[in-house]
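>>> Here is my input; please provide its structure:
(one chain, ligands or ions: 1)
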Amino acid sequence: MELSFQNKVALVTGATSGIGESTAWLYAEAGAQVFLLGRNEKKGRSIALAMQEKGLRAAYFHLDVTDEAEVKAVVENIYKKTGKIDILVHSAGFGVRTVFTELSYAEWQRQIEINLHGSFLIAQAAAKNMKEKRYGKIVFISSGSIITGTGGGAPYVAAKAGQLGLMRAMAHELATYNINVNVIGPRNIETPMFSGVYSEEGKRQLIEKIPLKRIAGPEEIAGLALYLTHDISSYITGQFILVDGGRTYSS
Ligand SMILES: NC(=O)c1ccc[n+]([C@@H]2O[C@H](COP(=O)([O-])OP(=O)(O)OC[C@H]3O[C@@H](n4cnc5c(N)ncnc54)[C@H](OP(=O)(O)O)[C@@H]3O)[C@@H](O)[C@H]2O)c1
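Here you go, the predicted structure:
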């Protein structure tokens, strides 16, 4: 079995920061042709350029996952250029914590739109092309908070749990086309989103609750994304995998 990703075309959303950025780097280093999708043009272009300067195959495309027309156009454009889409890792996500009883309907809708509707739009666009080739691997980066209810506000947790249902339905329906769909549930990963929630003192207190006694790096999620989108894991589909340093079930 070919262990590199040399013949693979990989799309990564939220590739301008944190887990998405780290995942895009790992694919590029593993030989894939990587498309970095995200809203931050300056950052996206500079990451793609840094990859190209190392001789890696990467390109950046602007993508807001809530913009249906843009999602369809970007995925179609990539498909026309490459002739296939093998892998989608959907890492784009957003959350702000608000006291439930103070939450406005507009804020609820905003977070559902980014985290859940965006997942549908990008996954459907990619799956259509994967179906034609009868090959595909899709991973959603959800959240461990769908088990605990903590770590995010209600719309974030509800949308991230929605990704699980979406994944299960997709895995069931798309298996016949040789498309695997799985969800990763991270907790405590050192990224800009995480640092926006936890102060340094908050991190120290959190580490005490984690059996592995540390916060993880985004590359520790990227590694699992690569595993789940490699043929080495071809019998795994419809699964939710929690990556939390042992925290969730330790007390
Ligand atoms: N870090 C953790 O501990 C943790 C825990 C549980 C779940 N997660 C999940 O992991 C994923 C990655 O998060 P992260 O920790 O790496 O945070 P991050 O560094 O803030 O990255 C989030 C990425 O999502 C992008 N994004 C947000 N809204 C978007 C939209 N409408 N269209 C396209 N891109 C959009 C952001 O782009 P902009 O820069 O343009 O906003 C950014 O690139 C998220 O889905 C998050 O919910 C993380």
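
>>> and the residue lying closest to E76 once chain neighbours are set aside, what is it in contact with?
Here the nearest residue to E76 in space, its sequence neighbours aside, is A125; by C-beta to C-beta, 6 or more residues apart in numbering that works out to 7.5 Å. Any C-beta I mention is one placed from the backbone N, CA and C, and that applies to glycine too. Shown here is A125, whose contacts under the criterion C-beta atoms under 8 Å, 6 or more residues apart in numbering are 71-72, 75-76.

>>> What about these, which one has the most neighbours?
When the contacts of A125 are compared by neighbour count (other C-beta atoms under 10 Å), V75 ends up highest, at 25 neighbours.

>>> Wait, that one touches Q124, no?
No - counting by C-beta atoms under 8 Å, V75 sits too far from Q124 to count as a contact (9.2 Å).

>>> hang on, the earlier thing: can you pull the buried residues of the strand or helix carrying the residue nearest to E76?
Here A125 is covered by helix 118-133, with elements defined by DSSP states H and E. Buried residues in helix 118-133, counting neighbours by 16 or more other C-beta atoms under 10 Å, are found at 118-123, 125-127, 129-131.

>>> Quick one: distance of that helix to the chain centre.
The chain centre lies 14 Å from the centre of helix 118-133; the measure is C-alpha atoms, centre = their mean, to the nearest Å.

>>> Kindly report the same for stretch 45-53.
In terms of C-alpha atoms, centre = their mean, the gap separating the centre of stretch 45-53 from the centre of its chain is 20 Å.

>>> and what of stretch 213-221?
Counting by C-alpha atoms, centre = their mean, stretch 213-221 is centred 15 Å from the centre of its parent chain.

>>> Buried residues in it, which are they?
Within stretch 213-221, the residues that qualify as buried by neighbour count (16+ other C-beta under 10 Å) are 215-216, 218, 220-221.

>>> cool, stretch 79-88 as well?
79, 84-88.

>>> Point out the ones among those residues that are inside helices.
Members of the buried residues of stretch 79-88 lying in helices (criterion: DSSP state H): Y79.

>>> export the buried residues of stretch 79-88 to TSV and tack on pLDDT?
Compiled in TSV, those are given as follows (pLDDT from 0 to 100):
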residue	pLDDT
Y79	98
K84	98
I85	98
D86	98
I87	99
L88	99
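
>>> can you name the two of the buried residues of stretch 79-88 that are farthest apart?
Across these, the longest distance by C-beta to C-beta is 13.0 Å; it joins Y79 and I87.

>>> Worst mean pLDDT across the helices and strands of this protein, which element?
helix 192-197 (a mean of 92; mean pLDDT, DSSP states H and E).

>>> which helices and strands sit right next to it?
The elements that helix 192-197 packs onto, with contact taken as 3 or more C-beta pairs under 8 Å, 6 or more residues apart in numbering; DSSP states H and E, are helix 18-29.

>>> I'm done for today, thanks for sticking with me.
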